[in-house]
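K.L.:
Predicted model, plus sequence, below.
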Amino acid sequence: MLKVGIVGCGNIFTMHATSCDHLKNATLVGVCDIKKDRADAAAKKYNVPAYYDYKELIDPEKIDVVHVCVPHYLHPVISRYALEHGVHVLCEKPMSIDYEDGEANVRLAEERDLRYGIIFQCRYNETSKLIRENLKNGKLGKIISARCTLTWSRSDDYYSQSDWKGTWDKEGGGVIIDQAIHSLDLANWFIDSEPVEVQAHIANRNHSIMKVEDTCEGLVRYKNGTMLSFWAMNNYGCDEPIEIRLYCENGKAVMSYDDARIELNDGTVLTTQTQTDGIEYEGGKDYWGFQHIREIADFYAAVEEGREPTISGREALKIQKLICAIYESGKSGKTVTL
Ligand SMILES: NC(=O)c1ccc[n+]([C@@H]2O[C@H](COP(=O)([O-])OP(=O)(O)OC[C@H]3O[C@@H](n4cnc5c(N)ncnc54)[C@H](O)[C@@H]3O)[C@@H](O)[C@H]2O)c1
């Protein structure tokens, strides 16, 4: 039985705690939050001790695995502390704000032979898997161009209710690092080549309360010649489905929210929809999907088997590099060469 601790008892806590509760090879043994009421409520619900300082919970005598569910700027700090103290780390996205902090923790985990995983649960959707599979088996052929759009609504209230969202130092950005990171990760994973050049524009067009970008558009060129165009904004009136379109040598693929459709040039049509596992996540939001449990199960199996988790820190560095290049280009107004 793996002993699990969770640091951060805010919004996303439910996806981690409920998943741990449903997985047979792990047991939650402690929760931590600097907000005492949150730690106490979570501790009461799961009948485990509450901690108010992560250093008291992250102790190899107490836990094997820590889930890091705190504001972005603390991801590399708490992950590093855990790795230095011999505890495996499963951290929410993004792994860090700066690329170097994430990279340093990847090296540390590898040196210490500890598992370090980053949550990108959308890779576990049936829709993502269908598209990736038909790229890997060659049916779609090479991607010529890819397009990614996100038009969501995050009001001023959403930002004013948080003490870290909407800030450069604590969140590291806005719509790109927080919301579009998932669809950009999927597109980057589908393309499966090295980004070599990034052009991006960022702007805050309709959020007086915060300074980070609520809009970003850009273009990424890859080593294999593929081009990815993207547009993300969170000043729309509602959350419209995220869309990823791929124009490939042998056909087209489109992922829109819970549906995927592949049309091959030979007339074959393949479709699928994302399925839930029938588990209730109290307080969970539909747009997070229901796939955390699949990635968490893979992570626990990786710890038990002594192998790398499927979405390891090293794997997550790929999207981290792209996100950082988008911000560098957006802030400087210059094309970034990688
Ligand atoms: N994968 C997804 O789809 C998804 C969805 C939502 C959030 N997230 C990620 O989850 C993370 C948390 O987001 P959230 O919406 O739950 O934020 P939140 O603000 O609701 O919760 C964060 C919690 O961390 C606590 N905290 C802050 N500093 C701490 C410290 N030093 N020690 C212990 N606890 C501390 C806060 O008090 C708060 O309760 C972020 O990285 C976010 O990007 C991921």
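P.N.:
Done, it's in.
K.L.:
per-residue pLDDT, the residue in the stretch 201-338 of the chain that the ligand sits nearest to?
P.N.:
Nearest to the ligand in the stretch 201-338 of the chain, going by C-beta to the nearest ligand atom, is Trp288, at a distance of 4.2 Å. C-betas here are computed from N, CA, C, even on glycine. Listed pLDDT for Trp288 reads 88.
K.L.:
Lys285 now?
P.N.:
88.
K.L.:
excluding its backbone neighbours, what's nearest it?
P.N.:
Asn11 (7.7 Å; C-beta to C-beta, 6 or more residues apart in numbering).
K.L.:
swap in Val269?
P.N.:
With C-beta to C-beta, 6+ apart, the residue lying closest to Val269 is Glu263, at 5.5 Å.
K.L.:
Can you give me every residue that contacts that neighbour?
P.N.:
251-253, 269 (C-beta atoms under 8 Å, 6 or more residues apart in numbering).
K.L.:
Look up phi and psi at whichever residue of the stretch 101-250 of the chain sits closest to the ligand.
P.N.:
Nearest to the ligand in the stretch 101-250 of the chain, going by C-beta to the nearest ligand atom, is Ile119, at a distance of 4.9 Å. Dihedral angles of Ile119 (phi, psi; degrees, to the nearest 10) stand at phi -70, psi 120.
K.L.:
For my notes, confirm Gln199 occurs in a helix.
P.N.:
No: with DSSP: H, G, I helix; E, B strand; the rest coil as the criterion, Gln199 is strand rather than part of a helix.
K.L.:
What residues are bridge-paired with it?
P.N.:
Judged by DSSP bridges, the bridge partners of Gln199 are Leu219.
K.L.:
dump the residue contacts of Asn134.
P.N.:
Contacts of Asn134 by C-beta under 8 Å, 6+ apart are 140, 253, 262, 270.
K.L.:
In strands only, show me those residues.
P.N.:
Judged by DSSP state E, these include 253, 262, 270 as members of strands.
K.L.:
Next one: whichever residue of the stretch 1-150 of the chain sits closest to the ligand from Ala42, what distance?
P.N.:
Residue nearest to the ligand within the stretch 1-150 of the chain (C-beta to the nearest ligand atom): Gly10, separated by 1.8 Å. In this view, Gly10 and Ala42 are 10 Å apart by C-beta to C-beta, to the nearest Å.
K.L.:
intersection of neighbour lists for those two?
P.N.:
Common neighbours of Gly10 and Ala42 (C-beta under 8 Å, 6+ apart) are Asp33.
K.L.:
Which residue ranges of the stretch 151-300 of the chain form helices?
P.N.:
156-160, 181-191, 292-305 (DSSP state H, counting those that start in this stretch).
K.L.:
rank the ones you listed by pLDDT, which is bottom?
P.N.:
helix 156-160 - the lowest mean pLDDT of the helices of the stretch 151-300 of the chain, at a mean of 94.
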